[in-house]
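Novice: Could you look at this predicted model? Sequence included:
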Amino acid sequence: MLLIDKTDGVATVTMNRPEAMNAMSTGLRAALADALDALNADPDVRVAILTGAGDRAFTAGLDLKELGSDPKGMRAANATGKDMNPVRALEQFTKPVIAAVNGVAITGGFELALACDVIIASTSARFADTHARVGITPGWGLSQKLSRLIGIYRAKELSLTGNFLDAQTACDWGLVNRVVAPEALLPTARALAMDMATIQPAMSVQYKSMIDDGFALPFAEAMAMEHERSSAWNAKVTPEIVEKNRLEVLARGRKQ
């Protein structure tokens, strides 16, 4: 139910339940947590791409058929352990993650996409928060993240209707980075991942954590956090390192 391909420092993780719109069953969530742990510990992996199998769905969210047969199943919406909460698993993954949204991302699937660092959507992608229609309130961050990303009025429109948002509108609203044709989705995500993979791994981890941790803080506290971490990091940088990196940046600029 989970496919993993590792090539040139990039791991492509595919949720492989197309017959169920890649719904996140208990088994799939556990497998995803285990895979992210292994990839995080793998020094040969610098960036991950997360996508779904087929062309219908990135993921339809929690497997409601499975949850409906389990009296305790709804606890999954508020699970804090990464084995049952894939958003938590992604939050603990220190390397960049690109969501390649190939179809619908619904409810928990919407939350999963928002937990990634970059979102590339195909023209067939659509996003929907159907929590209110299902009768379950979000527990993986959607009610708080969405308003911060697209504004409170647009967030309320989506969450209080359950309506679908098309990929281009999602891009116009700043919810996704870019929209591409379905056949270009994985090549585009991979090209971006390869760019990220050329960044020195420790720097990539440091910078991602600074952005994420600062985003969760009031601005003044975030600025203080940046100063503290930046001072500690930059104190270790020598003139030789700066000159070597400067030359590499110039060479890369000439190629682009």
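Specialist: Done, it's in. From a predicted model like this one, the values you see are computed outputs, not experimental measurements.

Novice: give me the low-pLDDT residue ranges for the stretch 151-256 of the chain?
Specialist: Residue ranges of the stretch 151-256 of the chain with pLDDT under 70: none are present.

Novice: those strands in it, which residues are they?
Specialist: 164-166, 178-180 (DSSP state E, counting those that start in this stretch).

Novice: Quick one: those strands as JSON lines, columns for distance to residue 61 and mean neighbour count too.
Specialist: Heads up, the C-betas are built off the backbone N, CA and C, glycines and all. As requested, these are exported to JSON lines (distance: least, CB to CB, whole Å; neighbours: other CB atoms under 10 Å):
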{"stretch": "strand 164-166", "distance to residue 61": "13", "mean neighbour count": "17"}
{"stretch": "strand 178-180", "distance to residue 61": "21", "mean neighbour count": "18"}
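
Novice: gap between the residue nearest the centre of the chain and residue 181?
Specialist: The structure's the chain has its C-alpha centroid closest to residue 116; by CA atoms, centre = their mean the separation is 1.2 Å. Distance, residue 116 to residue 181, by CB to CB, to the nearest Å: 20 Å.

Novice: Would you confirm that residue 163 contacts residue 128?
Specialist: Yes: applying CB atoms under 8 Å, one finds residue 163 in contact with residue 128, separated by 6.8 Å.

Novice: Which of these two has more residues huddled nearby?
Specialist: residue 128 (21 against 14; other CB atoms under 10 Å).

Novice: surely the more buried one meets residue 113?
Specialist: No: applying CB under 8 Å, one finds residue 128 not in contact with residue 113, separated by 11.3 Å.

Novice: Identify the contacts common to these two.
Specialist: residue 105 (CB atoms under 8 Å, 6 or more residues apart in numbering).

Novice: before we move on, back to that, identify the residue spatially nearest to the residue nearest to the centre of the chain, adjacent ones excluded.
Specialist: residue 99 (3.8 Å; CB to CB, 6 or more residues apart in numbering).
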